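Colleague: Got a predicted structure plus its sequence, pasted below:
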Amino acid sequence: MAPLPADEVQLLQAGLGKRNLTMPEDLTHSEVSSLFSDAYPKMKSASGGWLLYKATGGHGRRRLNLVPPESEGYCGSTIRSATGGGKTMLYIVPLQDEFDLSPLPSDAQEFSQMPKAECKKCSKSMPLQILALHIKECNTAEYETLSDSEPELTNLPPDSPDLPSDNEEKSEEAKCPVCQQSFPVKELELHASFCGDLDSPVGLLSPDIMEPQNEEMSCEEDVLRWLAAQVDTSKEFSICVSRVNLLERGMSLWKRQKLSSPIHTLKVTFMGEAGVDTGALRKEFLTEMISGIETCLFEGEDGQGKMPKYSLNDLDNGLFRAIAMHAAARRTLMLQQLREGLQLYRLVDIMEKNQQVCRGLFVFEGGNDQVDSHYIVSHLDPQMSESGTLKHIKEMQILNNFQDFLLELEDGDSVDEEALSVSKVMQWLSGQAHRHMLLSEKQAFKITVLFDHTCMERMPDHRICYPVVSACTQTITFPTAHLTSLNEFKENMKIAVQQGAYFYRV
């Protein structure tokens with residue numbers, strides 16, 4: 001996508017902004033490269049190649065399309081044709097290099113041909129794009145100087161009209177919506193001009209929540225417990241999403257959430273469903289999101305470590321923020337973005353101190369940690385009738401059918417992503433499709449099994465009813481009148497899992 005206005009200002013200040021270049025038609029690729037290097041000195045150190053892109057028609061933020069090079073590369077005639085004789089702007093996109101976007105000093109070579117103006121505060125002359133950034137700093141310095149002189153007001157008499165009362169001062173204070181600190185109303189606008197430019201939102205959080213412990217971690221469970229303790233439960237990070245196009249809409253809503261931070265407790269609501277999130281809904285949401293990300297953005301065999309796949313559609317949707325980079329460079333950029341996300345909980349600090357302990361959380365080392373039939377069956381807690389009764393016999397038959405159903409799913413076709421699987425049954429029962437990672441959670445995990453023997457008495461004319469699940473309480477209720485034979489049980493369960501994965505019950 002074409003850069004936003006804020007991005008264009010950043011590129012200008014870094015010496016990578018717009019340039020008007022005169023380009024004869026007979027220029028060769030090497031001569032075009034030299035011309036670009038003269039206009040953008042930072043390109044002289046770039047050795048990984050580059051491509052040209054141009055924006056599609058229309059207004060606002062537009063899609064970038066590749067300008068295909070000729071067999072000899074980009075020559076003058078190709079570029080003149082792509083720009084329509086200089087009417088269309090082209091974007092230079094490096095393939096393997098990443099340029100520093102920090103502002104350059106005012107005397108940098110990139111600004112030698114640009115118009116300059118003098119700052120009225122400090123009388124320094126500098127390029128216009130640097131002057132815009134300098135004015136904020138210069139005003140801040142002036143404010144700090146004025147603040148240093150404020151103690152002189154203490155010599156004024158108490159009844160002086162220039163001296164505000166304590167109540168008046170308090171009434172004129174307001175909280176910054178970003179850092180939640182109080183400032184005088186007159187100073188709030190100045191504070192807000194640089195408060196939003198902090199390097200990381202982590203600095204806005206309370207130190208007792210974010211400061212990592214000094215002791216070393218002895219196992220992966222210690223790391224996971226530490227991570228769970230970093231969640232700020234004082235506020236909520238709320239998402240209300242539809243199950244239609246869950247990945248795209250979930251990603252979009254996550255990025256658009258402005259009033260909270262992912263450091264807070266995640267609360268999920270599915271549109272049209274009555275379920276209240278006490279844990280199962282967020283597990284369901286995160287499970288579906290991770291599964292969607294794996295399917296959409298990665299390719300390869302399960303259990304072998306999948307590789308990222310690159311799609312222009314995913315690029316347009318903002319799922320990848322890189323544009324036409326080489327595979328190795330793209331991988332580096334993704335790892336940098338992953339590092340930013342990990343730093344939200346200061347997990348990077350823990351990883352640096354406990355590399356071997358954290359390795360298993362990120363590096364595939366073989367084995368299989370997927371949910372299997374034994375994992376589910378071993379955690380069943382059936383509420384059985386008295387032994388020897390007809391009800392007890394039916395209940396045992398249903399439990400056997402349930403185990404056979406799970407075993408059959410294990411032996412099924414794992415290639416078909418839409419097919420029912422044991423992990424999907426696990427997700428239907430509890431909201432999550434994976435094994436519990438904490439030993440304490442695994443020991444506490446149980447699925448309460450109830451049996452409904454009275455459905456025919458309540459509804460004499462009905463022909464079929466299905467198992468009912470409460471994922472929040474991890475409870476499943478089997479109607480015994482419809483699940484005695486294995487074939488009937490399998491068909492009933494398939495419909496229940498595939499069509500009943502919604503939170504309509506409270």
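Modeller: Structure received.

Colleague: SS state for Ala481?
Modeller: For Ala481, the secondary structure call by DSSP: H, G, I helix; E, B strand; the rest coil comes out as helix.

Colleague: mind listing what it touches?
Modeller: Counting by Cβ atoms under 8 Å, 6 or more residues apart in numbering, Ala481 touches His453, Cys455, Met456, Cys465. To be clear about C-beta, it is placed using only N, CA and C from the backbone, and glycine gets the same treatment.

Colleague: let's see it at 7 Å
Modeller: Ala481 makes contacts with Cys455, Met456, as judged by Cβ atoms under 7 Å, 6 or more residues apart in numbering.

Colleague: Give me the distance between it and Thr454.
Modeller: According to Cβ to Cβ, to the nearest Å, Ala481 and Thr454 sit 9 Å apart.

Colleague: Following the lengthiest strand in the chain in sequence, what is the next regular element?
Modeller: In terms of residue count, the longest strand belonging to the chain (DSSP state E) is strand 232-241. Note on strand 232-241: by DSSP states H and E, the next helix or strand toward the C-terminus is helix 246-256.

Colleague: what comes up buried for that next one?
Modeller: Within helix 246-256, the residues scored as buried using 16 or more other Cβ atoms under 10 Å are Leu246, Leu247, Gly250, Met251.

Colleague: ok, those vs Leu35, which is closest?
Modeller: The closest of the buried residues of helix 246-256 to Leu35 turns out to be Met251 (Cβ to Cβ; 39.7 Å).

Colleague: avg pLDDT for the helix or strand where Ile393 lies?
Modeller: If you go by DSSP H and E, Ile393 is part of helix 390-410. Helix 390-410 carries an average pLDDT of 90.

Colleague: quick check: angle from whichever helix or strand comes after that helix to helix 390-410?
Modeller: Toward the C-terminal end, the helix or strand that comes next after helix 390-410 (DSSP H and E) is helix 422-430. If you take axes from the mean of the first three to the mean of the last three Cα atoms, to 10 degrees, helix 422-430 sits at 140 degrees to helix 390-410.

Colleague: For helix 422-430, name the packing helices and strands.
Modeller: helix 280-297, helix 373-377, helix 390-410, helix 486-499 (3 or more Cβ pairs under 7 Å, 6 or more residues apart in numbering; DSSP states H and E).

Colleague: Return the residues in contact with Val371.
Modeller: Val422, Ser423, Met426, Ala433, His434, Arg435.

Colleague: if I read this right, Thr265 contacts Glu236, doesn't it?
Modeller: Yes: contact criterion Cβ atoms under 7 Å: Thr265 and Glu236 qualify, at 5.3 Å.

Colleague: quick one on the thing from earlier: could you dump the helices and strands packed on helix 422-430 into a markdown table and include distance to Met217?
Modeller: Below are those laid out as a markdown table (distance: least, Cβ to Cβ, whole Å):
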| stretch | distance to Met217 |
| --- | --- |
| helix 280-297 | 23 |
| helix 373-377 | 26 |
| helix 390-410 | 34 |
| helix 486-499 | 38 |
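
Colleague: Make a markdown table out of those and add distance to Ile135 and mean neighbour count.
Modeller: Below are those laid out as a markdown table (distance: least, Cβ to Cβ, whole Å; neighbours: other Cβ atoms under 10 Å):
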| stretch | distance to Ile135 | mean neighbour count |
| --- | --- | --- |
| helix 280-297 | 42 | 18 |
| helix 373-377 | 62 | 17 |
| helix 390-410 | 66 | 17 |
| helix 486-499 | 61 | 16 |
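
Colleague: Looking at those helices, spot the one closest to Leu16.
Modeller: Nearest to Leu16 among the helices and strands packed on helix 422-430 is helix 280-297 (28.3 Å), distances taken as Cβ to Cβ.

Colleague: Show me what the mean pLDDT comes to for the closest one.
Modeller: On average, helix 280-297 scores 81.

Colleague: in the sheet, who's paired with Thr448?
Modeller: On the basis of DSSP bridges, Thr448 is bridged to Asp381, Thr475.
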